[in-house]
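Asks: Attaching a predicted model along with its sequence, questions to come.
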Amino acid sequence: MTTAIAPALDAAQIQHFIEHGWLLASDLIPREVALAADAHTWTLLGFDPADPATWVEPQVKEYMPLSDAYAACYTTPLLAAAAQLLPDPLACPLARAPDYAFVIRILPEPGPWRSGHNLHIDSTGAYSTAYMQAWRLSAMVYLHDVAPQAGRTVVWDASHTRIMAHVRSDPTRHKWLKEVDLSRLDLGEPLEVAGKAGDVLFFDPLLAHAKPMNVGGRPRFAMNIKWPG
């Protein structure tokens, strides 16, 4: 007998995701669990929180073994929320977490702050003529409180609909999504998405986003999750 999983998101949250292409959700991961993963990341990278001289780009890859601290972030509410947002709920691995953690770190740098660089989408390898995407859902788990201009994820609100409309306007020309020049599209204004420890930013893989600049007082750590198509 299969145990039913309680919904983690309400109808308004799901509608926000559909319309805007992103959703910041709280209370899916306990704050103390996220902070424990943050502390674990400092240790893995060999960074001393009290000594900025140690905050150099480490040789450790961003794909890290799924330690207990990272595995604890894959809570049932997190995976239940993902299942609600996926086009095919069966694609969500509710039974287990992956065997690795993709922890993105953004080191502090001098200002002035800019909205980000490396504008991209997460489905660049997709075959757009058939509208097949490599990824169906992306998420960023904030492992600590992130101050303004200190590495908050930057998104272009509702850009997923603009990008897909552009692709569908000439599917022969845009056979591959990776060939779409995002810099030539009117995507609107960039938006910093605020986040505290344990918050989860879900976003459509077709949503334009960029690597944020960090002019804050510490490295920004966040765990990236993607569910395949």
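Replies: Nice, I can see it.
Asks: Isn't A197 up against L35?
Replies: Yes. The pair A197 / L35 is scored as a contact, 5.2 Å apart, by CB atoms under 8 Å. For every residue, glycine as well, the C-beta is placed using N, CA and C.
Asks: Pick out whichever of the two has more residues nearby.
Replies: Counted by other CB atoms under 10 Å, A197 and L35 do not tie: A197 has more neighbours, with 20 against 16.
Asks: Mind telling me what element that one is part of?
Replies: Assigned by DSSP states H and E, A197 belongs to no helix or strand.
Asks: What is the burial count for the spatially closest residue to it that is not a sequence neighbour?
Replies: Spatial nearest neighbour of A197, excluding adjacent residues (CB to CB, 6 or more residues apart in numbering): A34 at 4.2 Å. Close neighbours of A34, defined as other CB under 10 Å, add up to 28.
Asks: now P30
Replies: Neighbour count for P30, taken as other CB under 10 Å: 15.
Asks: For the residue nearest to it when sequence neighbours are not counted, which residues are in contact?
Replies: Nearest non-adjacent residue to P30, counting by CB to CB, 6+ apart: G198, 6.1 Å away. Contact partners of G198, counting by CB atoms under 8 Å, 6 or more residues apart in numbering, are 26-31, 33-35, 141-142.
Asks: Grab the longest helix from this structure for me.
Replies: If you go by DSSP state H, the chain has its longest helix at helix 31-45.
Asks: ok so, going back, which of the contacts of G198 count as buried?
Replies: Buried members of the contacts of G198, scored by 16 or more other CB atoms under 10 Å, are 28-29, 33-35, 141-142.
Asks: How much space separates the residue nearest to the spatial centre of the chain from A101?
Replies: Geometric centre of the chain, nearest residue: M140, 2.9 Å, by CA atoms, centre = their mean. Taking CB to CB, to the nearest Å as the measure, M140 falls 13 Å from A101.
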